[in-house]
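Enquirer: heads up, no residue letters with this:
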């Protein structure tokens, strides 16, 4: 079951100027966002564990994002 609400995604899309968006498009974007967040979180956790920490820090998220976008 999705964690991010469709309303939140729609609100973000509206901020870009998108006035009309189908429900299916919002659902797909939500699914992609959740998948990306999950991947970033998994990599960030690995980075924290490698550094012998239990807490994911800001730097872990930034590094995980860079690692994902380089692929």
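Expert: That came through, no problem. The shown structure was predicted, so the numbers you read here are calculated from the model rather than taken from an experiment. Residues are numbered from 1 along each chain as shown.
Enquirer: how far does stretch 28-43 sit from the chain's center?
Expert: The chain centre lies 4 Å from the centre of stretch 28-43; the measure is C-alpha atoms, centre = their mean, to the nearest Å.
Enquirer: so for that stretch, what's the average pLDDT?
Expert: The average of the pLDDT scores along stretch 28-43 is 98.
Enquirer: Okay, buried residues for that stretch please.
Expert: Using 16 or more other C-beta atoms under 10 Å as the test for burial, stretch 28-43 gives 29, 30, 33, 40, 43. For the C-beta atoms, the positions are set from N, CA and C on the backbone; glycine is no exception.
Enquirer: can I assume the first one is in contact with residue 13?
Expert: Yes - using C-beta atoms under 8 Å, residue 29 makes contact with residue 13 at a distance of 7.3 Å.
Enquirer: Would you enumerate the residues in contact with the closest residue to residue 51 other than its chain neighbours?
Expert: In space, and not counting its chain neighbours, residue 51 is closest to residue 60: 8.0 Å by C-beta to C-beta, 6 or more residues apart in numbering. Residues in contact with residue 60 (C-beta atoms under 8 Å, 6 or more residues apart in numbering) are 44, 45, 47, 48, 51.
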